[in-house]
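Colleague: what follows is a predicted protein model with its sequence.
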Amino acid sequence: MTGLPIAIDAMGGDKAPSEIIAGARKAKEEHNLNVLLVGPEDLRSQAGDIPFLAASEVIGMDEDPTKAVRTKKDSSIVRAAEAVRDGQASAMISAGNTGAVMAAALLRMGRLPQVARPCIATPLVIPGNLDHHPTVMVDAGANVECQPAWLVQFAQMAAAYAKLRYNLSEATVALLSNGEEASKGTPLVKQTHELLNEVKGIKFIGNVEGRDLLAAKADVIVTDGFTGNVALKSLEGALSVFMDVLFKVIATNDETKAAGNVLIPHLLAYGEALDPESTGGALLLGVEGICIISHGSSSAKAILNAALLAEEMAKGNLVEGVKEAILS
């Protein structure tokens, strides 16, 4: 066990604190990761031998993010961000209020030089080819309204992240639009297309459509936060409905159940790969530190995978890689 610990918000998410603590324990005991739990003092005994940082306040999922971060200065989310800022932790993980996690990371860690806005980078698994690395979609919800220059920076930061995470020598970048032609899209998309064609250091391959999100057309797909969040939630909803229908069909009668007995073992690998808890969470790119935003319903499995991702990104110097991408 070496290096700075990973600060984990014990109070973030619908299943906190039990599942969060269980995930931290798995990270420490099964993978020898150095972790630090952040939460109310009365949880210290549950943490056992895991180092603990006390925080007397909790930010609820329904609270105004910026107001909560400014007023609840001793909250677990804020203290986790401060631990990274102060050099006490290598990264922070929270499944709590997404807006509050972003605000805490931005206000406490600070923004990287020349970065206009931080963005959320989410991995999209390729169902048709599980051997292919996921596509990184950015922005997945941090910035509802964007400017073309911001999207260019999102592309630069996400490309640096994709290269590190998936060991790529170069990352291809595509722009999400309603058509592959350069003439398609909103004014924002058209202006961004022009800029991406001109900027150095990015391998821009043009526009892709919504149907291409899970088709391995590019290593990075860039869009504004509103579109990205709607696209992500649409994919999650569609996949959930598909799985529900599939299992209802399998349970129809004895014949379909028999067929299901044959198919289900083969489907499990796809189910595991498509499980959001397997991805390790989304990265907030553009801040002076590593911040992983986990799903609100995260279980111990999700927290473990987030911790593994945090360790990998810290060892790989993600923040420096993102800085170089922006400043080059």
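Modeller: Arrived safely, thanks for sending.
Colleague: Leu33 and Asn129, how far apart?
Modeller: For Leu33, the distance to Asn129 (C-beta to C-beta, to the nearest Å) stands at 30 Å. Where C-beta positions appear, they are placed from N, C-alpha and C, glycine not excepted.
Colleague: neighbour count winner among these two?
Modeller: Leu33 (19 against 11; other C-beta atoms under 10 Å).
Colleague: for Val173, which three-state class applies?
Modeller: strand (DSSP: H, G, I helix; E, B strand; the rest coil).
Colleague: for it, give the beta-bridge partners.
Modeller: Following DSSP bridges, Val173 is listed with bridge partners Phe204, Val220.
Colleague: pretty sure it is touching Ala159, no?
Modeller: Yes: the pair Val173 / Ala159 is scored as a contact, 5.8 Å apart, by C-beta atoms under 8 Å.
Colleague: who touches both of the two?
Modeller: Residues touching both Val173 and Ala159 by C-beta atoms under 8 Å, 6 or more residues apart in numbering: 202-203, 219-220.
Colleague: can you tell me which of the residues you listed has the most neighbours?
Modeller: In terms of neighbour count, Val220 stands highest of those at 29 neighbours, by other C-beta under 10 Å.
Colleague: give me the buried stretch members for the helix or strand hosting Ala162, please.
Modeller: Element membership of Ala162, judged by DSSP states H and E, is helix 148-166. Neighbour counts over helix 148-166 (16 or more other C-beta atoms under 10 Å) mark 148, 150-165 as buried.
Colleague: which strands and helices sit next to it?
Modeller: strand 119-124, strand 135-138, strand 172-176, helix 187-198, strand 220-222, strand 282-285, helix 300-315, helix 318-327 (3 or more C-beta pairs under 8 Å, 6 or more residues apart in numbering; DSSP states H and E).
Colleague: count of neighbours near Leu196?
Modeller: 23.
Colleague: okay, it: pLDDT?
Modeller: In the predicted model, Leu196 carries a pLDDT score of 97.
Colleague: can you check Gly296 too?
Modeller: 87.
Colleague: now the angle between strand 119-124 and the helix or strand of the chain with the lowest mean pLDDT, please.
Modeller: Ranked by mean pLDDT, DSSP states H and E, the weakest helix or strand in the chain is helix 254-274, scoring a mean of 85. Put simply, helix 254-274 runs at 140 degrees to strand 119-124, going by axes from the mean of the first three to the mean of the last three C-alpha atoms, to 10 degrees.
Colleague: who touches helix 254-274?
Modeller: 125, 127, 130, 239, 243, 246-247, 249-251, 278.
Colleague: make it 10 Å
Modeller: Contacts of helix 254-274 with the rest of the structure, by C-beta atoms under 10 Å, 6 or more residues apart in numbering, involve 124-128, 130, 134, 214, 235-236, 239-240, 242-243, 246-253, 278-279.
Colleague: can I get that helix in CSV, CA atoms only?
Modeller: This file holds the C-alpha atoms of helix 254-274, laid out as CSV (Å, rounded to 0.1, in the frame of the first residue of the first chain):
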residue,chain,number,x,y,z
ASP,A,254,-41.7,-23.8,-20.4
GLU,A,255,-40.3,-23.6,-23.9
THR,A,256,-38.9,-20.1,-23.5
LYS,A,257,-37.6,-20.9,-20.1
ALA,A,258,-35.7,-23.8,-21.5
ALA,A,259,-34.2,-21.5,-24.2
GLY,A,260,-33.4,-19.0,-21.4
ASN,A,261,-31.4,-21.6,-19.6
VAL,A,262,-29.2,-21.9,-22.6
LEU,A,263,-29.0,-18.1,-23.4
ILE,A,264,-28.6,-16.6,-19.9
PRO,A,265,-25.0,-17.8,-19.2
HIS,A,266,-24.0,-16.2,-22.5
LEU,A,267,-25.9,-13.0,-21.7
LEU,A,268,-24.3,-12.6,-18.3
ALA,A,269,-21.1,-11.3,-19.8
TYR,A,270,-22.9,-8.6,-21.6
GLY,A,271,-25.0,-7.7,-18.5
GLU,A,272,-21.8,-7.4,-16.4
ALA,A,273,-20.1,-5.2,-19.0
LEU,A,274,-23.2,-2.9,-19.4
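Colleague: next, the buried residues of that helix.
Modeller: So for helix 254-274, counting by 16+ other C-beta under 10 Å, buried means 260, 274.
Colleague: where in the stretch 1-150 of the chain is pLDDT low?
Modeller: 1-2 (pLDDT under 70).
Colleague: all helices for it, in order.
Modeller: 18-31, 44-47, 65-71, 76-85, 98-104, 148-166 (DSSP state H, counting those that start in this stretch).
Colleague: so which of these is nearest Glu320?
Modeller: helix 148-166 (9.3 Å; C-beta to C-beta).
Colleague: next, the angle strand 119-124 makes with that closest one.
Modeller: 50 degrees.
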